[in-house]
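Undergrad: Show me the folded form of this:
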Amino acid sequence: MGEFGATITFVSNIPGQTQTIPSAIYALLQTPSGDARAMRLVLISVVIAMGAVLISEWIARRAARA
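TA: From the prediction side, this is the model:
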């Protein structure tokens, strides 16, 4: 079971308290006209993930030089 399945199965989805980005995207896709808001969350999560990878690589290269 992946992260999304575990979240849906074992953790409740209380908007504003325990909601994760994947469960928020899922909830938005289940509502009429929630597609645009879901896409915004997808783009935000991709930007955060790419930023984390770039920063991690930058830190690793600096550490390798030292």
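Undergrad: For this structure, just list every one of the helices.
TA: Taking DSSP state H as the test, the helices found in the chain are 3-10, 21-29, 35-65.
Undergrad: Now do the buried residues in the last one.
TA: Of the residues in helix 35-65, those with enough neighbours to count as buried (16 or more other C-beta atoms under 10 Å) are residue 38. In this view, the C-beta of every residue, glycine as well, is placed from N, C-alpha and C.
Undergrad: And for the second one?
TA: For helix 21-29, burial by neighbour count (16+ other C-beta under 10 Å) applies to 22-26, 28.
Undergrad: Going by distance to residue 8, which of those wins?
TA: Lowest distance from residue 8 to the buried residues of helix 21-29 (C-beta to C-beta) belongs to residue 23, with 6.6 Å.
Undergrad: Serialize the buried residues of helix 21-29 to CSV and add fields for distance to residue 47 and pLDDT.
TA: Shown next, in CSV, are the buried residues of helix 21-29 (distance: C-beta to C-beta, whole Å; pLDDT from 0 to 100):
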residue, distance to residue 47, pLDDT
22, 16, 82
23, 19, 82
24, 16, 85
25, 14, 89
26, 20, 87
28, 18, 92
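Undergrad: how about these in CSV, adding distance to residue 9?
TA: Output for the buried residues of helix 21-29, formatted as CSV (distance: C-beta to C-beta, whole Å):
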residue, distance to residue 9
22, 13
23, 11
24, 17
25, 17
26, 13
28, 20
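Undergrad: By mean pLDDT, point me to the weakest helix or strand of the chain.
TA: Sorting the helices and strands of the chain by mean pLDDT, DSSP states H and E puts helix 3-10 at the bottom, at a mean of 70.
Undergrad: any idea how far residue 17 lies from residue 54?
TA: Here the criterion is C-beta to C-beta, to the nearest Å. By it, residue 17 lies 31 Å from residue 54.
Undergrad: swap that for residue 23, please
TA: When distances are taken as C-beta to C-beta, residue 23 and residue 54 turn out to be 26 Å apart.
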